[in-house]
Structure formats: C-alpha cells, structure tokens
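K.L.:
Provided below are the primary sequence and the corresponding predicted coordinates.
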Amino acid sequence: MEKNNGERKYAIRVKIFIHKILTKLAQHTISKKRITCLHYNDPHRRDVIDLINSIKRDVEMVLSINEAYSIYMAVKNTRKIPGDVAEVGVYKGGSAKLICEAKEDKQLHLFDTFEGIPKISSIDSTNFYTGQYVASLENVRNFLKSYSNVYFYKGVFPSTSDPVKDKRFSFVHLDVDTYESTFQCLEFFYPRMVRGGVIISHDYINSFGVRKAFDEFFEGKVEPVIELSGSQCLIEKINEI
C-alpha cells in the first residue's frame, strides 16, 4: 500500500511539474509568439492550428496563432444562432479564409478599402500610417473563390454598408486599426447583432485609438469589453435592440 501511495504521489508531482512547464511555454507563446502550445492533447485543436499554419503559408496574415484560433472558435460556436457574418479590414484574406472554414453556409460580408488605412489621426497608434495594408480585391476574391456565400464591398466603411443595413449578425471581426473607423463600425454593427452574437476586434491592446473607441462606446452599456490573450478584445451581445 505504501508503495502504491508513493508511486501515486510521484505521478502527481510529475503531472504538476509538466503543468508548470506547459504554463511557462504558454506564457512564452503569448509574449514572444514563437511557440504554439496546446494545453490539452486534443486532435481537434491540432487540426485548427494546422489550418491556421496552412493559411499563414499561403498568404500574409497579421494575426498571431492564438488570435486566429479565437476567431475560428467564435465563428464556429456562433453558428447555432441566426445571423450573417462580417469582417471589416480584410487585407489579403487570411482571416476571411479562416472564417469561411468555420461558418458553414452562413453569408459572409467582407468590407475593406483595399487601398490601405484611409486616415490616421493624433488619437491613433504610431504603429500605423495612412495607406498601410494595401491589398488587391481581385487577389482576395481569387483566394476565397472556393467558398460560397461570400460578398465583397470595396470602399471606406460605413459608406459601403447600405447593402447590409437590414441584416442581422451573429459574428463580426474588426481589424480597422483606428479610433474613427472602430467607433463607426461599432455604431453600425452593435444594434444589428443578435443576442449572443460576438464582436472580436484586433489591436485593442496595442492601439490607443481602438481601445478608446471600445471603451467609450460600451461605457454605460451592459456588455463588458473582454481582453483576450493576444491584442484582441471580445464582446458578446446581451441586450436585444
């Protein structure tokens, strides 16, 4: 009996040690973006990571692996509620392809100037500049040609939003980098989100303008702005308008 107890204690100590190592690796992943560490030996998680890495090999994608994973899972888990899917800030289509892989037959609406960031103000991060992130609409359209129910809108949002003004949305991804664009996106999409719908935005952590837009818009609203592990934030629609 004592031997069994001793073996059990040893096994527990080994598990604790391994957990500590994995925790440190996960922290390294978040801070350095060099290693991908899966907390559980879950084949489905491995498949999603493989998908993300495959997309990154095909096209430049600004998202880190953990940021891309958050988007995939948010789209996948909001499939059960009604509403379309949208992305503002498409760039070369990497995150859009990830969304396509998760959305099944939902309609996806993709908005971008395809001429880079339209305007930078004094509020915004010095990490960005006017005209940054230029991409070709035709290249993105070709990159996503194998997916159905995907619609493109070229121009400065929300001037391009008229075709979807009567739509409802279950998931929206924002990657627009600036205060003005972020605030205008929230003004448009928030009242059109279904209950339980999710908005994820890139650059909440590293762009003062994006953070300011979210914090101001949701001040006084019931939804909390939730920081994610990378540079993103997330809100889930609670009130139905």
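P.N.:
All right, it came through fine.
K.L.:
so for stretch 181-194, what gets flagged as buried?
P.N.:
181-186, 188-190, 192-194 (16 or more other CB atoms under 10 Å). For the C-beta atoms, the positions are set from N, CA and C on the backbone; glycine is no exception.
K.L.:
taking those residues together, which two end up most distant?
P.N.:
Pairwise distances across the buried residues of stretch 181-194 peak at 23.1 Å for Ser181 and Val194 (criterion: CB to CB).
K.L.:
give me the element Ala213 is part of.
P.N.:
helix 208-218 (DSSP states H and E).
K.L.:
just the ones in helices from the buried residues of stretch 181-194, please.
P.N.:
181-186, 188-189 (DSSP state H).
K.L.:
ok, those vs Ser148, which is closest?
P.N.:
Looking across those and measuring by CB to CB, the closest to Ser148 is Phe189, at 22.8 Å.
K.L.:
does the spatially closest residue to Gln184 that is not a sequence neighbour count as helix, strand or coil?
P.N.:
Nearest non-adjacent residue to Gln184, counting by CB to CB, 6 or more residues apart in numbering: Pro158, 5.4 Å away. Following DSSP: H, G, I helix; E, B strand; the rest coil, the label given to Pro158 is coil.
K.L.:
quick one: contacts for Pro158?
P.N.:
The neighbours of Pro158, taking CB atoms under 8 Å, 6 or more residues apart in numbering as the test, are 184-185, 187-188.
K.L.:
now the phi/psi pair for it, please.
P.N.:
Note on Pro158: backbone dihedrals following degrees, to the nearest 10 are phi -100, psi 10.
K.L.:
give me the angle between the longest strand that the chain contains and helix 208-218.
P.N.:
Looking only at the chain and at elements set by DSSP state E, the strand with the highest residue count is strand 193-201. Counting by axes from the mean of the first three to the mean of the last three CA atoms, to 10 degrees, strand 193-201 lies at 160 degrees to helix 208-218.
K.L.:
show me what strand 193-201 is in contact with.
P.N.:
By CB under 8 Å, 6+ apart, strand 193-201 touches 70-71, 74, 78, 81-83, 168-175, 182, 186, 189-190, 210, 214, 228, 232-240.
K.L.:
can you name the residues bridging to the nearest residue to Val90 once chain neighbours are set aside?
P.N.:
Spatial nearest neighbour of Val90, chain neighbours left out: Asp112 (4.0 Å); criterion: CB to CB, 6+ apart. Counting by DSSP bridges, Asp112 forms beta bridges with Lys154.
K.L.:
surely Asp112 meets Ala135?
P.N.:
Yes - applying CB atoms under 8 Å, one finds Asp112 in contact with Ala135, separated by 7.0 Å.
K.L.:
overlap in contacts of those two?
P.N.:
90-91.
K.L.:
more neighbours: which of those two?
P.N.:
Taking other CB atoms under 10 Å, Asp112 and Ala135 do not tie; Asp112 has more neighbours (28 against 19).
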